[in-house]
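Colleague: Just a sequence and a predicted model for now, questions to come.
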Amino acid sequence: MRTMPGLLIVLLLSCMSAVSAQTSSKDKAEGIDIGKYVKPEGLESGYVHGTIDLVISTREGFVLATDSRLTNDLTGGHTDDGQKLFPVGKNGAAVIAGVIGSQIGIQGFGLRDAIATNLQSANDHFRDQYLSASRIGDIFSFGLGSVAGLMIPGNPRQSPPVAAISAVSFDANGHPEWLTLTLPLKETQYNGQPFFTTGDPIKNNRQLEQGTHFDYQTIGYPYTVEILLKADRPLSDALAQIDILKRYYQLKAEGRLDEFTLSDATELAKVLIETTFKYAPAEAGVGGPIDIATLTPHGFTWVSRKSRYAPVPPPFRVRFIGTQFGDEHQTLDGLECVRCTFENMDLSFEGKARPQLLGCTFKGSCKLTILPGARSRMPDAVSYLKSKMPPNCVVTDQDDPKPQ
C-alpha cells in the first residue's frame with residue numbers, strides 16, 4: 001500500500017473559552033460590577049465548550065471542583081452532564097476546561113471525540129502507577145490532536161480554540177506537583193486541506209518544594225472567582241452572610257490563609273462555583289451539578305459527584321486525517337479517515353468494526369469486496385459503504401455475489 005504521511009493519530013485526549021461578560025442590573029444591585037473586570041474580547045469557541053474549574057491547595061492537599069455544562073456550537077444547546085474532573089493514575093487528578101469534545105459528520109458517516117475518553121483511558125491504563133502532574137499534562141498535550149483533528153477551521157464565528165488543564169499529583173513519597181497548562185490550537189494545512197494542530201504551550205508549574213500551602217487556580221470562566229478571592233471583604237450583603245467567605249476574608253486580613261483546612265477549601269470551592277453560576281452571563285456556558293474531589297498524599301476521594309454523565313466516545317484504534325492511500329489492498333474494518341484520498345484501491349470489508357470515511361476522495365480505479373458474513377454482522381455499515389463508493393467502483397458482495 002502506498003500511504004502518504006498525512007496526519008495519523010493513534011492516541012487521544014481537550015479547550016478553554018475566553019468570554020466577555022455583560023454587567024447586569026442584578027450584578028450592580030448586589031455590589032459586584034463584573035463587567036468592570038472583563039475585556040470585551042468576544043466568545044472564543046470550538047464545538048463543545050464552557051466551564052468553570054477551580055483547584056485550591058491547602059497544607060493537607062488539593063481540592064478540585066468543576067461545573068457540568070457542555071455547550072454545543074453546532075446545535076446551540078447545552079447539557080448538564082459533562083465530565084471535567086478526573087482521577088489519573090494512582091495519585092493524580094486533573095480538571096479540564098473549554099472545548100471538551102468535537103464532532104464531525106458528512107455523507108452518513110460521523111465521528112466524535114472527547115477528552116473524557118482519553119483521560120479515562122489513561123486512568124485505566126496507569127491505575128497502579130504514580131503519574132506526575134507534568135506527565136498528565138504531556139498526555140493531555142499529545143492527545144489534544146485527536147479532538148482538534150475533527151474541528152474544521154474557517155468558521156467565521158470561531159476564534160482559534162484554546163485547551164486548558166490543571167493537573168495535581170503526589171508521588172510515592174508524598175511530594176506534590178501542580179501544573180496548569182494552556183494550549184492554543186493553530187490552523188495549518190496538509191495537501192491543501194486545513195486542520196488544527198497544537199501551538200506553543202503556556203505553562204504554570206508551581207514551586208512546591210516546601211509542600212502545599214493556600215493557593216488557587218481557575219480555568220474556563222474565572223472572573224467571578226478571581227474577583228471574590230482578590231477582594232479584601234465581601235462585595236455584597238448577601239455574600240457577607242456566607243460563613244466560609246467570612247472565614248476566608250478574616251484569615252486573609254490576618255495573613256493566616258495557610259490555616260485553611262481541606263474541609264474549608266471544599267466548602268469555599270462549592271460557594272465560589274455557585275456564585276459564578278449566579279453572576280456569569282449565559283455566554284460563559286457554566287452551570288449544572290458541581291463535582292468536587294480531594295487529592296492528598298493518601299489518595300483521591302470524591303466529595304460530591306453527579307450520578308449521570310454524558311456517554312463518551314469509545315477509544316479509536318487508528319485514525320487518519322488528510323492521508324493518501326494508493327495502489328494496493330486496504331481493509332476498511334475500523335478504519336477512521338477524515339479528508340483522505342484513495343487512488344487505485346482494492347478495498348474490503350469483513351464486518352468486524354464500523355468504518356468512518358468523512359470527506360474522502362476517490363481517484364482512479366476502485367474495487368470494494370464485501371466479505372462473507374459482513375452483511376449479517378453489520379448490515380447498516382455495508383449499506384453505507386455501498387452508497388458512498390464512487391460511480392466507477394466495482395462492488396462485490398460475497399453474500400450476494402452478483403456485481404453491484
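Modeller: Good, I have the coordinates. All values reported here derive from a predicted model rather than from experimental measurement.

Colleague: count of neighbours near residue 270?
Modeller: Counted with other CB atoms under 10 Å, the burial measure for residue 270 works out to 18 neighbours. Heads up, the C-betas are built off the backbone N, CA and C, glycines and all.

Colleague: shouldn't it be in contact with residue 65?
Modeller: Yes. Taking contact to mean CB atoms under 8 Å, the distance of 6.7 Å between residue 270 and residue 65 places them in contact.

Colleague: And for residue 376, the neighbour number?
Modeller: Residue 376 is surrounded by 10 other residues when neighbours are defined as other CB under 10 Å.

Colleague: no, scratch that, I was asking about residue 333
Modeller: Residue 333 has 17 neighbouring residues, counting by other CB under 10 Å.

Colleague: on that earlier part again, okay, and the common contacts of residue 270 and residue 65?
Modeller: Residues touching both residue 270 and residue 65 by CB atoms under 8 Å, 6 or more residues apart in numbering: 290, 292.

Colleague: what's the single longest strand in this protein?
Modeller: Ranked by number of residues, the top strand in the chain under DSSP state E is strand 176-190.

Colleague: and that strand, which strands flank it?
Modeller: The pairing partners recorded for strand 176-190 under DSSP bridges are strand 162-170 (antiparallel), strand 193-198 (antiparallel), strand 202-205 (antiparallel).

Colleague: right, so those strands: which one is the most enclosed?
Modeller: Mean neighbour counts were taken over the strands paired with strand 176-190 using mean count of other CB atoms under 10 Å, and the top value, a mean of 27, falls to strand 162-170.

Colleague: what about that one, average pLDDT?
Modeller: Within the predicted structure, the mean pLDDT of strand 162-170 is 91.

Colleague: And stretch 386-403, how far out from the chain middle?
Modeller: In terms of CA atoms, centre = their mean, to the nearest Å, the centre of stretch 386-403 is set 39 Å apart from its chain centre.

Colleague: With just CA atoms, put that stretch into CSV.
Modeller: Once side chains and other backbone atoms are set aside, the C-alpha atoms of stretch 386-403 remain, and they are given as CSV (Å, rounded to 0.1, in the frame of the first residue of the first chain):
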residue,chain,number,x,y,z
LYS,A,386,-22.0,0.7,-0.9
SER,A,387,-23.8,4.0,-1.2
LYS,A,388,-20.7,6.1,-0.7
MET,A,389,-18.4,4.5,-3.2
PRO,A,390,-17.8,6.4,-6.5
PRO,A,391,-19.8,5.5,-9.6
ASN,A,392,-16.9,3.7,-11.2
CYS,A,393,-16.3,1.4,-8.2
VAL,A,394,-16.9,-2.3,-8.7
VAL,A,395,-18.7,-3.6,-5.6
THR,A,396,-18.8,-7.3,-5.0
ASP,A,397,-20.9,-8.7,-2.1
GLN,A,398,-19.8,-12.2,-1.5
ASP,A,399,-23.0,-12.9,0.4
ASP,A,400,-24.7,-11.8,-2.8
PRO,A,401,-22.0,-12.4,-5.4
LYS,A,402,-23.6,-10.5,-8.3
PRO,A,403,-21.5,-7.4,-9.0
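
Colleague: That one: which residues count as buried?
Modeller: By neighbour count, and taking 16 or more other CB atoms under 10 Å as the criterion, the buried residues in stretch 386-403 are 388-389, 393, 395, 397.

Colleague: cool, stretch 255-270 as well?
Modeller: Of the residues in stretch 255-270, those buried under the neighbour-count criterion (16+ other CB under 10 Å) are 257, 260, 262, 264-270.

Colleague: Output the below-cut-off pLDDT ranges for the protein.
Modeller: Residue ranges of the chain with pLDDT under 70: 1-50, 72-76, 98-115, 145-161, 190-193, 312-318, 401-404.

Colleague: Tell me how far the closest residue to residue 242 other than its chain neighbours lies from residue 139.
Modeller: Of all residues beyond its chain neighbours, the one nearest residue 242 is residue 271 (5.9 Å), with distances taken as CB to CB, 6 or more residues apart in numbering. Residue 271 sits 32 Å away from residue 139, going by CB to CB, to the nearest Å.

Colleague: Residue 90 now?
Modeller: When distance is defined by CB to CB, residue 90 is 15 Å away from residue 139.

Colleague: before we move on, what about residue 57?
Modeller: 22 Å.

Colleague: got it, and residue 178?
Modeller: Taking CB to CB as the measure, residue 178 and residue 139 are separated by 16 Å.

Colleague: Comparing those two, which residue is more hemmed in?
Modeller: Each of residue 178 and residue 139 has its neighbours counted (other CB under 10 Å); residue 139 has more, 25 against 21.

Colleague: how far is the longest strand of the chain from where the chain is centred?
Modeller: Distance, centroid of strand 176-190 to centroid of chain: 12 Å (CA atoms, centre = their mean).

Colleague: Can you name the helix or strand that residue 143 falls in?
Modeller: helix 133-148 (DSSP states H and E).

Colleague: Now do that helix against strand 176-190: the angle between them, please.
Modeller: 30 degrees (axes from the mean of the first three to the mean of the last three CA atoms, to 10 degrees).

Colleague: next one: phi and psi at the nearest residue to residue 172 once chain neighbours are set aside?
Modeller: Here the nearest residue to residue 172 in space, its sequence neighbours aside, is residue 130; by CB to CB, 6+ apart that works out to 5.5 Å. Taking degrees, to the nearest 10, you get phi -80, psi 120 for the backbone angles of residue 130.

Colleague: list the contacts for residue 130?
Modeller: With contacts taken as CB under 8 Å, 6+ apart, residue 130 has the following neighbours: 89-92, 169-172.

Colleague: Rebuild these as JSON lines, extending it with distance to residue 383 and secondary structure.
Modeller: Rendered in JSON lines, the data for these read as follows (distance: CB to CB, whole Å; DSSP: H, G, I helix; E, B strand; the rest coil):
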{"residue": "89", "distance to residue 383": "43", "secondary structure": "coil"}
{"residue": "90", "distance to residue 383": "46", "secondary structure": "coil"}
{"residue": "91", "distance to residue 383": "49", "secondary structure": "coil"}
{"residue": "92", "distance to residue 383": "45", "secondary structure": "strand"}
{"residue": "169", "distance to residue 383": "48", "secondary structure": "strand"}
{"residue": "170", "distance to residue 383": "52", "secondary structure": "strand"}
{"residue": "171", "distance to residue 383": "53", "secondary structure": "coil"}
{"residue": "172", "distance to residue 383": "54", "secondary structure": "coil"}
